[in-house]
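Asker: turn this into a structure:
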Amino acid sequence: MLVVTITGTVVLARLFSRSDDCHSGPVSTLRVLVVDDSPAFRAAVSSFLGLDDRLDIVDAVESAAAAFDVLSHRRVDLVLLDVTMPERSGTSAAVEMAATYPKLTIVLCSTMSRTDLGIPAHDDSRRVIFIPKDELVPDALIEQWERHLH
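Answerer: As a prediction, this is how the structure comes out:
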């Protein structure tokens with residue numbers, strides 16, 4: 001399995017053997033929307049996450065406005081949402097997404113730490129959580145989605 005660590009727009013890759021794979025079992029396909037103003041990050045994370053057959057990258061868009069457009073006409077299970085974007089912050093968009101789409105899991109991500117951004121680890125509903133960009137791996141996204149389901 002290919003594991004990629006993404007820091008800003010730098011992508012580093014390491015190859016692990018299947019014996020190191022820590023998938024906990026079968027999961028239905030998770031439909032993911034990637035929202036980030038950096039074209040390089042969108043391309044890298046979409047390509048990397050798309051390598052995992054448990055994930056289906058529905059779309060990769062540059063803004064919160066574009067994300068709401070996708071959400072209005074496509075089925076999405078999880079939104080991977082950059083915290084810092086020019087027109088509207090990810091935290092502001094996450095609040096509206098959570099209110100508008102109650103079954104949606106929202107993962108805020110940034111190169112900055114959660115503490116530096118003043119973002120709680122997750123909301124009370126466990127639907128909006130934070131994962132640093134350098135820790136984005138398929139298992140982390142799937143784990144958060146499954147926690148939201150239960």
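Asker: in this protein, which helix or strand is least confident?
Answerer: strand 10-15 (a mean of 32; mean pLDDT, DSSP states H and E).
Asker: what about the helix or strand just after that strand, distance to the chain center?
Answerer: Using DSSP states H and E, the helix or strand that follows strand 10-15 in sequence is strand 30-35. On the basis of Cα atoms, centre = their mean, to the nearest Å, strand 30-35 sits 6 Å off its chain's mean C-alpha point.
Asker: run a quick neighbour tally on Ser89.
Answerer: Ser89: 17 surrounding residues under other Cβ atoms under 10 Å. C-beta here means a position set from N, CA and C on the backbone, and glycine is covered the same way.
Asker: now the one 10 residues further on
Answerer: By the measure other Cβ under 10 Å, the count of residues near Ala99 is 8.
Asker: ok, now the one 10 residues further on?
Answerer: With neighbours defined by other Cβ under 10 Å, the count for Cys109 comes to 26.
Asker: dump the residue contacts of it.
Answerer: Going by Cβ atoms under 8 Å, 6 or more residues apart in numbering, Cys109 touches 36, 80-83, 90, 130-133, 136.
Asker: show only the entries of those found in strands.
Answerer: When DSSP state E is applied, the contacts of Cys109 are split such that 80-82, 130-132 fall in strands.
Asker: now tabulate the contacts of Cys109 in TSV and tack on neighbour count and distance to Glu62.
Answerer: TSV is the format used below for the contacts of Cys109 (neighbours: other Cβ atoms under 10 Å; distance: Cβ to Cβ, whole Å):
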residue	neighbour count	distance to Glu62
Asp36	27	7
Leu80	26	13
Leu81	25	12
Asp82	24	9
Val83	21	15
Gly90	29	12
Phe130	24	21
Ile131	18	20
Pro132	16	21
Lys133	22	16
Leu136	21	18
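Asker: tell me which element Ala44 is part of?
Answerer: helix 39-50.
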